[in-house]
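1. only geometry, no sequence info:
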């Protein structure tokens, strides 16, 4: 088995080639890989069957087994994903802020690849394909370190890509899969400064925190989402109900789903019964503070822990607040900085909420579920950043690149 | 003495106020602080005298004593620095990429403050004033942790700022100075996730590496510069001499000064004698490889270590290379990714150099000394980033800010 440092060295070589691939080269490679995924469907499914068998033996949770499971449909949609990435505009080589200085120097920023991108992720084989596609289009080499549960599926997918690259005469080390799926291999990756330019963890809160806490390689933190919807006193009742039902129940297992519903006391008696019944119709369990319990029957009491929890499930914490100030304070205390929404017809309050809420995406009168690269029109995303450096919110291709200054002179020296 | 966690809590309060200061408020504060620096010149000089006396007792190196020393002129230029920051356009509140989606959602990025910025720096009291000015203008609260050698000077400067803020009714905790200058206090700051949004180390390579290696708070790495000038075979001799003399000797103690001069073998015999004599006239010691030693008399041999050293002094490593390929390889191996220059009249070679050199600033026919916020027209800089995330190259006000997505809806939910 190749050591991680050897992989790092090979990536350093491969990144130089990856950086100078033309847009046409990259798009052709992505289309060829998409076709090869479809053609090798059976092979990938057999590898996946081994992972699933091991998963059953290890008694993995049903939700984990579901994420691990590939099907012809899922493989075809991985292929489609690559084709969509091929259609996106290429950020590499674009110039920004080019200008001529008074001394005649021409200075500007050129968008260039990161170099080597490391991805640490869990048991979803589709991440292997998505991350590969985005990193390649962004002109970088990529080192993928997926979860041990998916190792056979990941290996099969990466082998398909490598054989396409080999035929196209592109360095196969542009994509490398870490075969050692021990905790130790992730720890080594986190210290590979000089080999890996940026590390992106994709998965649950535990994985992300471990990478943020231990990595000396720069990290882009992707999203844990304890998202809030606040219904102000002037909220349109129907709109508030539609938005909280959508934000909670349209797809509860994702980071942009709402976890807490804050309701202004002056609208609570009108809004809460309607909202509760619409939510319960979708199978949502409501956990409320004392005032909620008085208005809605059979509500489980919400504890301090509930305000801080990202359920990722059909559970919603609900609290009645006295004012927009209390709502803003509550969010400042418990939010993970992902997405928050105010439902309100009061202009001044919507402006305050937009200004004072310190999250990656702040909404007026729309579901938090829109925080997504596709929905925002980027075409594809590598994750949603809840940190403030480099990228905040959905990260598309551009966020996987960097810039360098280029300076054209004719002999200028500094006075 | 206030604990760092208490300081962090106070900064969290102060940042909310700092974020909503108008551009006018911030500019007035900066001008008032500039005036107060001038008015309190004597007081600051007395405090500085204590640091200098302690420095003499501790037998600090002359270069360190020089950086520590304040004078009326230096204090006045700190004041001017604040006035220049007041004149810069305010990045906060600008909108980028605002658009209406097909579903009617209006989505865009609003430029907003980081929140709390931490600066860890060494014995230069002027950093206290510069960093304060930039962070305030960028709408953030700032926690300053300077070196122990400058603690009295730093305290005097910060007290001046605090008294201006207090008169203006602005939270004094918008700027806080860490009184505990032990190594431990820096280590605590590096783990203050949740309080400090970004940490910027300013100082020598040791300090910067320690912060990069130990911080769990996101870091912007500022520049160690092992910068290269490469004279290609087609270089204009006079231009090459002017550029290397300027890049090395105009101010050798800064990160954008050149440390290694690479010379194409076909131009070496003509160029090196002229360059060596011009460099020696400026007091530069030349360390050369064997081929350089054959052409230039009395050259000290360059060792492997020389290629990797940022001298920050009147010393230059010189090497004859066989080709642009060898030059590019040498730079890839030894560069710290700061600034590199090719002197050449060959179009294809200048293009290759611009494309293949992976540094923050890549020059054709101009001195590396231009890598500077002021020279690039940003008006002020907090440092030069040699990393690839968030900011690369000179970092101005904009790089001290972040964005958030704001979304205006009218009831949209996700399908």
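-> On my side now, so go ahead. In this text the structure is predicted, and so the values were computed from the model without any measurement. Residues are numbered from 1 along each chain as shown, chains lettered A, B, ... in the order given.
2. what number of residues lie near residue A:323?
-> If you count neighbours by other C-beta atoms under 10 Å in any protein chain shown, residue A:323 ends up with 14. The way it works is simple: take the backbone N, C-alpha and C, and place the C-beta from them, glycine included.
3. list phi and psi for it.
-> phi -160, psi 170 (degrees, to the nearest 10).
4. tell me which residues touch it, please.
-> When contacts are counted by C-beta atoms under 8 Å, 6 or more residues apart in numbering or on different chains, residue A:323 touches residue A:264.
5. what distance do you get for it to chain B?
-> Distance, residue A:323 to chain B, using C-beta to the nearest C-beta, to the nearest Å: 16 Å.
6. separation between that residue and residue A:359?
-> Applying C-beta to C-beta, to the nearest Å, the value for residue A:323 to residue A:359 is 19 Å.
7. how about residue A:48?
-> 37 Å.
8. just checking, residue A:115 touches residue A:141?
-> Yes - with contacts defined as C-beta atoms under 8 Å, residue A:115 counts as touching residue A:141 at a distance of 7.3 Å.
9. which parts of the stretch 101-250 of chain A sit against chain B?
-> Contact residues, the stretch 101-250 of chain A versus chain B (C-beta under 8 Å from any C-beta of the partner chain): A:101, A:105, A:107, A:109-110, A:112, A:114-115, A:193, A:197-198, A:212-213, A:216, A:218-220, A:236, A:239, A:242-243, A:245-247, A:250.
10. name the nearest residue to the closest residue to chain B within the stretch 151-300 of chain A, ignoring sequence neighbours.
-> Distances between the stretch 151-300 of chain A and chain B by C-beta to the nearest C-beta are smallest at residue A:246, namely 3.6 Å. Nearest non-adjacent residue to residue A:246, counting by C-beta to C-beta, 6 or more residues apart in numbering or on different chains: residue B:413, 3.6 Å away.
11. what's that neighbour in contact with, if anything?
-> A:242-243, A:245-247, A:250, A:366-367, A:369.
12. and with 10 Å instead?
-> Counting by C-beta atoms under 10 Å, 6 or more residues apart in numbering or on different chains, residue B:413 makes contact with A:239, A:242-247, A:250, A:366-367, A:369-370, B:103.
13. now swap in residue A:11 and tell me
-> So residue A:11 contacts A:18, A:115-118, A:140-143, A:171, A:173-176, A:192, A:195-197 (C-beta under 10 Å, 6+ apart).
14. please identify the buried residues of the helix or strand where it lies?
-> Taking DSSP states H and E as the criterion, residue A:11 maps to helix A:4-19. Residues of helix A:4-19 classed as buried: A:4, A:7-8, A:10-12, A:14-19 (neighbour count, 16 or more other C-beta atoms under 10 Å in any protein chain shown).
15. wait, residue A:291 touches residue A:266, no?
-> No - using C-beta atoms under 10 Å, residue A:291 is not in contact with residue A:266, being 12.0 Å away.
16. now for those two: what residues contact both?
-> With C-beta under 10 Å, 6+ apart, residue A:291 and residue A:266 have common neighbours A:320, A:322.
17. the two: who's more crowded?
-> Neighbours were counted for residue A:291 and for residue A:266 using other C-beta under 10 Å; residue A:291 has more, 18 against 14.
18. what are the ranges of the helices in the stretch 101-250 of chain A?
-> A:125-137, A:151-168, A:183-189, A:205-214, A:237-249 (DSSP state H, counting those that start in this stretch).
19. leaving out chain neighbours, which residue sits closest to residue A:291?
-> Spatial nearest neighbour of residue A:291, excluding adjacent residues (C-beta to C-beta, 6+ apart): residue A:320 at 3.9 Å.
20. repeat that for residue A:155.
-> Leaving aside its sequence neighbours, residue A:155 sits nearest to residue A:177 (C-beta to C-beta, 6+ apart; 6.1 Å).
21. mean confidence (pLDDT) on stretch A:69-82, please.
-> The pLDDT scores in stretch A:69-82 average 96.
22. touching chain B at all, it?
-> No - for stretch A:69-82, no contact with chain B is found by C-beta under 10 Å from any C-beta of the partner chain; the gap never falls below 17.7 Å.
23. just the buried residues of that stretch, please?
-> Going by neighbour count (16+ other C-beta under 10 Å), the buried part of stretch A:69-82 is A:69-70, A:74-75, A:78-79, A:81-82.
24. do stretch A:195-212 as well
-> For stretch A:195-212, by 16+ other C-beta under 10 Å, it's A:195-203, A:207-208, A:210-212.
25. residues touching residue A:290, list them.
-> Counting by C-beta under 10 Å, 6+ apart, residue A:290 has contacts A:299, A:301-302, A:319-320.
26. nearest to chain B: which residue in the stretch 251-400 of chain A?
-> Of all residues in the stretch 251-400 of chain A, the one sitting closest to chain B is residue A:366 (2.8 Å; C-beta to the nearest C-beta).
27. for that residue, phi and psi?
-> Dihedral angles (degrees, to the nearest 10) for residue A:366: phi -160, psi 150.
28. how many residues are close by it?
-> 28.
29. please report how far it lies from residue A:341.
-> Look at residue A:366 and residue A:341: by C-beta to C-beta, they are 7 Å apart.
30. before we move on, what about residue A:153?
-> Look at residue A:153 and residue A:341: by C-beta to C-beta, they are 37 Å apart.
31. settle it for me: which of those two has more neighbours?
-> For residue A:153 versus residue A:341, neighbours defined as other C-beta under 10 Å are more numerous around residue A:341 (31 against 28).
32. next one, pLDDT for that one please.
-> On pLDDT, residue A:341 comes in at 98.
33. beta partners for the nearest residue to it once chain neighbours are set aside?
-> Leaving aside its sequence neighbours, residue A:341 sits nearest to residue A:363 (C-beta to C-beta, 6+ apart; 3.8 Å). In this entry, residue A:363 is beta-bridged to residue A:341, residue B:407, by DSSP bridges.
34. residue A:363 is in contact with residue A:246, isn't it?
-> No - counting by C-beta under 10 Å, residue A:363 stays clear of residue A:246, with 11.7 Å between them.
35. who's more crowded, those two?
-> Shown here are residue A:363 and residue A:246; by other C-beta under 10 Å, residue A:363 has more neighbours (32 against 24).
36. between the contacts of residue A:290, which is closest to residue A:399?
-> Nearest to residue A:399 out of the contacts of residue A:290 is residue A:319 (C-beta to C-beta; 34.1 Å).
37. give me every residue that touches the closest one.
-> A:228, A:230, A:260-263, A:268, A:287-292, A:302, A:306-307, A:326-327, A:330.
38. one more time with 7 Å
-> Going by C-beta atoms under 7 Å, 6 or more residues apart in numbering or on different chains, residue A:319 touches A:260, A:262, A:289, A:292, A:302, A:330.
39. of those - the most surrounded one?
-> residue A:260 (27 neighbours).
40. now the host helix or strand of that residue: mean pLDDT?
-> Assigned by DSSP H and E, residue A:260 belongs to strand A:258-264. In this model, strand A:258-264 has a mean pLDDT of 98.
41. now the angle from that strand to helix A:237-249?
-> Orientation note: strand A:258-264 sits at an angle of 160 degrees relative to helix A:237-249 (axes from the mean of the first three to the mean of the last three C-alpha atoms, to 10 degrees).
42. give me the contacts around the helix or strand just after strand A:258-264.
-> From strand A:258-264 onward toward the C-terminus, using DSSP H and E, the following helix or strand is helix A:265-281. Identification of contacts with helix A:265-281 by C-beta under 7 Å, 6+ apart yields A:231, A:233, A:235, A:237, A:240-241, A:244-245, A:248-249, A:263, A:286, A:291-292, A:295-296, A:316, A:320-322.
43. and the residues you listed, which of them are buried?
-> Burial by neighbour count, 16+ other C-beta under 10 Å: within those this picks out A:231, A:233, A:235, A:240-241, A:244-245, A:248-249, A:263, A:286, A:291-292, A:295-296, A:316, A:320-321.
44. got the buried residues of stretch A:195-212 as JSON lines, with pLDDT columns?
-> As requested, the buried residues of stretch A:195-212 are arranged in JSON lines below (pLDDT from 0 to 100):
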{"residue": "A:195", "pLDDT": "95"}
{"residue": "A:196", "pLDDT": "96"}
{"residue": "A:197", "pLDDT": "93"}
{"residue": "A:198", "pLDDT": "93"}
{"residue": "A:199", "pLDDT": "94"}
{"residue": "A:200", "pLDDT": "92"}
{"residue": "A:201", "pLDDT": "92"}
{"residue": "A:202", "pLDDT": "88"}
{"residue": "A:203", "pLDDT": "83"}
{"residue": "A:207", "pLDDT": "88"}
{"residue": "A:208", "pLDDT": "88"}
{"residue": "A:210", "pLDDT": "90"}
{"residue": "A:211", "pLDDT": "91"}
{"residue": "A:212", "pLDDT": "86"}
